[in-house]
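In: Would you be able to build a 3D model of this:
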Amino acid sequence: MLKRWIVMVLLMVGCQPQPRTVEVSAPQVGSVSKTVAPVSSVISFLDRTKSAGVHFAYRNDEDHSDFAILESLGGGVAILDFDRDNVLDLFLPGGGVFHSPAIVGNSSALLRGSTNWRFADVAAEAGVVRSKYYNHGAAVADYNEDGFDDILITGYGGTTFYQNQGDGSFRDVELLDDRMWSSSAAWGDFNGDGVLDVYVAHYVDWSLDNHPLCAGPQGHPREVCPPRQFEGVTDVIYFGNGDGAMRNATTEAGLKPQGKGLGVVAADLDLDGDLDLYVTNDTVPNFLYMNTGNGAFDELALISGTAVSDLGTSDGSMGVDVGDYNQDGLPDLWVTNYERENNAMYRNLGKGLFRHVSRPIGIAALGARYVGWGTRFLDVDLDGDEDLIVANGHVIRFPQNTPRLQRPLVLENIDGARYGNVTDQAGEYLSAAHCGRGLATGDLDDDGDEDVVISNLNEPVAILSNETNSHHNWLTLRVIGRHSTRTAIGTVAVAKLGKVSLLRQIRGGSSFASTSDSKLHFGCGPVTRIDELTVTWISGACTILKDVACNQVLTIVEPATASN
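Out: Next comes the predicted model:
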């Protein structure tokens, strides 16, 4: 087993270093001198779905031949440790069926992880197998601060909230009064009161009563209607009251009306100590909500340069994530888009401004034949910079310009300056075409690198083991909030390795309709020790550790009080 250190750190006013108490449970794994030259590596993933005993698939009921836009969204993935056994588990929404005059949900899956890449579906025993609504996304956080992750499921007709009981079971709780068609959601403490809130992205006003007939290409009398056929639906934000209930705070937060939201990420984008929001909209400008410090937001997408493409047009935007691709210490925005549109990297320039840089960093060279969905920044080869992975798949039945089934993308970060497409060499699953939707990452086998889970339309979920042989070192950081919420969304960690600084942040939401494991991952390259690790909590507290060993899972608990 890998070494696990648990660190209890007291509050350090002004971010001054403080000695730490360390518990060592196993010998250190790996040892490479700082002077050793970097080892070249080939990114590689192994499909372990069948050997893991997993056959679950998201079903959209397209065989019913309704040609409804509802079929096109698909489902997400959540990676969590619901039973706190230090082995990651999976939650998978199941989709739904058209039973006129009603639309109902399919069963979801809760896959309990165990060693040696085996998963068992325990949804029935846990009480999460039944779904009231046609479902899409899974947003995970410890809402009631009891140490156990809870699950919010988005979908058509309403949301479902499963409250973790701490004994391996969940209870269906009526948490949100939301009957709109919801796609993705992001948890976070948006008003700074120490209680989790949630942003829910709504899509369009489709219904069985608003279901026009749209003509298909030659030979196909009907096709799924495009989103431009419908009006957008205003997103909603709920603030936690602290007593287990939530209130609709959409008006006081200042949300804009009628987006067509598909993806949302909550992060501190300007590093000012509060949570901001970025929402990807389909065929209308995206939203950038900058927090004024009390849970009210200014929508600044157009001013900031993040509303539209580099051509000034509104993209069909789906997936989203936040990372520091060029290692300049500022969080950048990454967005996946529709065919004939480039995926967008918005470089953070500071002071609330961003620049669309997909062309100079090589993203535009990929071509515009993909329809991108779930996506994540992750350091696949542990060399310190953040690579990218994207799930692709078309939204209509009979596309003419590009195929419906599309290959995922694995993009290797080359020195923070550009990205190279390494999908061809990344493994058998990734070199084949799929109808991808949700995507999440986490270290499923506890070996220090992040693995990937992808949800597809009408095809089994894919569980991909990161088998990249880089011989690099790593650090995994688990942070537990006390004054901040326990999930500590928005907390930023910076690791200094010589002249290089690596920034990582716990995000709420991100990808598409999915939740990745909340631990932060640092690739250390050939370096065996981190000179300085700084954790800036969303509460304002700051923790500094000096001379931190790599190749360990490090847990840091926030002090009970914060300096504000």
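In: from here on, contacts and neighbour counts on C-alpha atoms
Out: Fine.
In: show me where the stretch 151-300 of the chain has strands.
Out: For the stretch 151-300 of the chain, strands defined by DSSP state E, counting those that start in this stretch occupy the ranges 160-164, 170-173, 182-188, 197-202, 236-240, 246-248, 261-267, 276-281, 287-291, 297-299.
In: Is it possible to get TSV of those strands that adds mean neighbour count?
Out: Shown next, in TSV, are the strands of the stretch 151-300 of the chain (neighbours: other Cα atoms under 10 Å):
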stretch	mean neighbour count
strand 160-164	22
strand 170-173	15
strand 182-188	31
strand 197-202	27
strand 236-240	23
strand 246-248	16
strand 261-267	31
strand 276-281	28
strand 287-291	24
strand 297-299	19
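In: nearest to Gly323, of those strands?
Out: If you check each of the strands of the stretch 151-300 of the chain against Gly323 by Cα to Cα, strand 261-267 wins as the nearest, at 9.9 Å.
In: so how far does stretch 364-374 reach from one end to the other?
Out: End-to-end distance of stretch 364-374 (Cα to Cα, to the nearest Å): 18 Å.
In: Show me what that stretch is in contact with.
Out: 76, 318-320, 336-343, 358-359, 390-395, 401-402, 406, 421, 436-440, 454, 511-514 (Cα atoms under 8 Å, 6 or more residues apart in numbering).
In: Now, of those, which are buried?
Out: Buried members of the contacts of stretch 364-374, scored by 16 or more other Cα atoms under 10 Å, are 76, 318-320, 336-339, 341-343, 358-359, 390-395, 402, 406, 421, 436-440, 454, 511-514.
In: Next step: these restricted to helices.
Out: Judged by DSSP state H, helices contain none of the buried ones among the contacts of stretch 364-374.
In: For the chain, just list every one of the helices.
Out: Under DSSP H, the chain gives helices at 123-126, 250-253, 301-304.
In: ok, and what's touching the second one?
Out: Outside of helix 250-253, the residues that reach it under the criterion Cα under 8 Å, 6+ apart are 235-238, 295-297.
In: in that helix, what counts as buried?
Out: 250, 253.
In: Now do that helix, average pLDDT.
Out: Mean pLDDT, helix 250-253: 97.
In: same question, the last one
Out: The average pLDDT for helix 301-304 rounds to 98.
In: again with the first one
Out: Per-residue pLDDT values across helix 123-126 average out to 98.
In: circling back to that earlier point, for the strands of the stretch 151-300 of the chain, give me JSON lines that also has distance to Thr485.
Out: Formatted as JSON lines, the strands of the stretch 151-300 of the chain follow (distance: least, Cα to Cα, whole Å):
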{"stretch": "strand 160-164", "distance to Thr485": "16"}
{"stretch": "strand 170-173", "distance to Thr485": "20"}
{"stretch": "strand 182-188", "distance to Thr485": "8"}
{"stretch": "strand 197-202", "distance to Thr485": "10"}
{"stretch": "strand 236-240", "distance to Thr485": "11"}
{"stretch": "strand 246-248", "distance to Thr485": "15"}
{"stretch": "strand 261-267", "distance to Thr485": "14"}
{"stretch": "strand 276-281", "distance to Thr485": "16"}
{"stretch": "strand 287-291", "distance to Thr485": "17"}
{"stretch": "strand 297-299", "distance to Thr485": "20"}
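In: Leu554: neighbouring residues, count only.
Out: 21 (other Cα atoms under 10 Å).
In: From Ala365, how far off is it?
Out: Counting by Cα to Cα - Leu554 and Ala365 are separated by 39 Å.
In: before we move on, what about Pro226?
Out: 27 Å.
In: Tell me the bridge partners for the residue lying closest to Asp172 once chain neighbours are set aside.
Out: Distances taken as Cα to Cα, 6 or more residues apart in numbering place Tyr162 nearest to Asp172, at 4.8 Å, with adjacent residues excluded. Taking DSSP bridges as the rule, Tyr162 bridges to Ile151, Asp172.
In: Just the pLDDT at Tyr162, thanks.
Out: Per-residue confidence (pLDDT) for Tyr162: 98.
In: Would you check how far apart it and Leu262 are?
Out: 22 Å.
In: Please apply the same query to Ala201.
Out: Taking Cα to Cα, one finds Ala201 at 6 Å from Leu262.
In: Same question for Asp547.
Out: 42 Å.
In: picking that back up, what's the closest of the strands of the stretch 151-300 of the chain to His136?
Out: Ranking those by distance to His136, with Cα to Cα as the measure, places strand 182-188 first at 6.1 Å.
In: and that closest one, which strands flank it?
Out: Strand 182-188 has these strand partners (DSSP bridges): strand 197-202 (antiparallel).
In: Next, the angle from the strand it pairs with to strand 150-156.
Out: Note on geometry: by axes from the mean of the first three to the mean of the last three Cα atoms, to 10 degrees, strand 197-202 and strand 150-156 are set 20 degrees apart in direction.
In: how much does strand 197-202 deviate in direction from strand 276-281?
Out: Relative orientation of strand 197-202 versus strand 276-281 (the same axes, to 10 degrees): 10 degrees.
In: Which residues outside strand 197-202 are in contact with it?
Out: The contact list for strand 197-202, computed with Cα under 8 Å, 6+ apart, reads 180-190, 232-240, 246, 259-264, 279.
In: who's in contact with Ile396?
Out: 72, 223-224, 404.
In: Count residues in the vicinity of the closest residue to Val380 other than its chain neighbours, would you?
Out: Once flanking residues are discounted, Val380 sits nearest to Asp387: 6.3 Å by Cα to Cα, 6+ apart. Residues lying near Asp387 (other Cα under 10 Å) number 23.
In: Can you tell me which of the contacts of helix 250-253 is nearest Trp537?
Out: Gly295 (17.2 Å).
In: And the closest one, how far from Asp189?
Out: As judged by Cα to Cα, Gly295 and Asp189 stand 8 Å apart.
In: Of these two, which one has the most company?
Out: Asp189 (26 against 21).
In: what residues are up against the residue nearest to Leu275 when sequence neighbours are not counted?
Out: Nearest non-adjacent residue to Leu275, counting by Cα to Cα, 6+ apart: Asp268, 4.6 Å away. Applying Cα under 8 Å, 6+ apart to Asp268 gives the contacts 274-276, 490.
In: Among those residues, find me the one that's closest to Arg529.
Out: Nearest to Arg529 among the contacts of Asp268, with distances taken as Cα to Cα, is Gly490, at 25.2 Å.
In: thought the closest one was touching Leu269?
Out: No: taking Cα atoms under 8 Å as the definition, Gly490 is not a contact partner of Leu269, at 9.0 Å.
In: Touching both of these two, which residues are there?
Out: Leu275.
In: thinking again about what came up before, list residues touching both of Ala201 and Leu262?
Out: Residues touching both Ala201 and Leu262 (Cα under 8 Å, 6+ apart) are 183-184, 279.
In: Now distance to Asp61 and pLDDT too, for those residues, in JSON lines please.
Out: Converted to JSON lines, the shared contacts of Ala201 and Leu262 look like this (distance: Cα to Cα, whole Å; pLDDT from 0 to 100):
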{"residue": "Ser183", "distance to Asp61": "17", "pLDDT": "98"}
{"residue": "Ser184", "distance to Asp61": "20", "pLDDT": "98"}
{"residue": "Val279", "distance to Asp61": "28", "pLDDT": "98"}
